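[1] Predicted model and sequence follow; I will ask about them next.
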Amino acid sequence: DAKTTQPPSMDCAEGRAANLPCNHSTISGNEYVYWYRQIHSQGPQYIIHGLKNNETNEMASLIITEDRKSSTLILPHATLRDTAVYYCIVRDVDNYGQNFVFGPGTRLSVLP
Amino acid sequence: DAGVIQSPRHEVTEMGQEVTLRCKPISGHDYLFWYRQTMMRGLELLIYFNNNVPIDDSGMPEDRFSAKMPNASFSTLKIQPSEPRDSAVYFCASSSQGPGNTIYFGEGSWLTVV
């Protein structure tokens, strides 16, 4: 079973920051937080992941709360091409194949 | 790297026919995954392999489904006989071993069984 909770949908104005929350209150010390997105009719695309510290790459930033029970994916300047379903996943670092479970995700609509 | 390559991209077949989906993982990856996506059930893990050995096939829906990985660069997912309820997008993914490893997905095989 997915161990995360995300809002089913969100809207964001083009050019503004999109902040996508994820609740993972039962996360354990061995579990990473991963974010993927799926643009319609494409395969899921890796965005970013982290364990404890905040992370940033060319696509997004990941902010993890100090207690690690929630996180936020930030797309700093959303474009229409960022419209997609965003999945937050927690995964045990010691069980490489197991527990990579996708929930329903958040459907982000970037509006012009 | 070419990424995970799947074929065919689209297939339409008649009920009762055998369907074979193919996957070439990213070179050097130790893990290969097969997922299925439908509107009703979302993205489901069917089976995964480690070093060509099936590790967990608990997600395979029934005996009509089988998956093989004869070598590190090729895997198949076979449905025999196919049924209309098997219509879905089937994704193959691969990853390397190690803490914080990332799974990379192919573009999927869109299967329609009529």
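    Here it is on my side, so go on.
[2] doesn't A:R81 fall inside a helix?
    Yes. Assigned with DSSP: H, G, I helix; E, B strand; the rest coil, A:R81 falls within a helix.
[3] how long is stretch A:57-71 end to end?
    Using Cα to Cα, to the nearest Å, the end-to-end distance of stretch A:57-71 comes to 16 Å.
[4] Tell me which residue is most central in chain B.
    Against the mean C-alpha coordinate of chain B, by Cα atoms, centre = their mean, the closest residue is B:W34 at 3.1 Å.
[5] Run me through the strand neighbours of the helix or strand bottoming out on mean pLDDT in chain A, direction for each.
    None of the helices or strands of chain A scores lower by mean pLDDT, DSSP states H and E than strand A:84-92, at a mean of 91. Paired neighbours of strand A:84-92 in the sheet (DSSP bridges): strand A:31-38 (antiparallel), strand A:106-111 (antiparallel).
[6] would CSV of these with mean neighbour count and mean pLDDT be doable?
    For glycine as for every other residue, the C-beta is placed from the backbone atoms N, C-alpha and C. What follows is the strands paired with strand A:84-92, written out as CSV (neighbours: other Cβ atoms under 10 Å in any protein chain shown; pLDDT from 0 to 100):
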stretch, mean neighbour count, mean pLDDT
strand A:31-38, 22, 93
strand A:106-111, 17, 97
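[7] Distance to B:K68 added to those strands, as JSON lines?
    Below are these laid out as JSON lines (distance: least, Cβ to Cβ, whole Å):
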{"stretch": "strand A:31-38", "distance to B:K68": "27"}
{"stretch": "strand A:106-111", "distance to B:K68": "35"}
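[8] Chain neighbours aside, what residue packs nearest to the residue in chain A positioned nearest to chain B?
    Chain A approaches chain B most closely through A:G43 (3.6 Å), counting by Cβ to the nearest Cβ. Using Cβ to Cβ, 6 or more residues apart in numbering or on different chains and skipping the chain neighbours, the partner closest in space to A:G43 is B:F105 (3.6 Å).
[9] how about low-confidence regions in chain A?
    For chain A, the stretches with pLDDT under 70 are A:1-2, A:93-99.
[10] Pull the number of nearby residues for the residue nearest to A:G43.
    22 (other Cβ atoms under 10 Å in any protein chain shown).
[11] same question, A:T26
    Around A:T26 there are 10 residues (other Cβ under 10 Å).
[12] Distance check, it against A:T4.
    For A:T26, the distance to A:T4 (Cβ to Cβ, to the nearest Å) stands at 9 Å.
[13] What strand or helix carries the residue nearest to the centre of chain B?
    Using DSSP states H and E, B:W34 falls within strand B:31-38.
[14] Pairing partners for whatever helix or strand comes next after that strand, with directions?
    Using DSSP H and E, the helix or strand that follows strand B:31-38 in sequence is strand B:42-50. Counting by DSSP bridges, the strands paired with strand B:42-50 are strand B:31-38 (antiparallel), strand B:53-56 (antiparallel).
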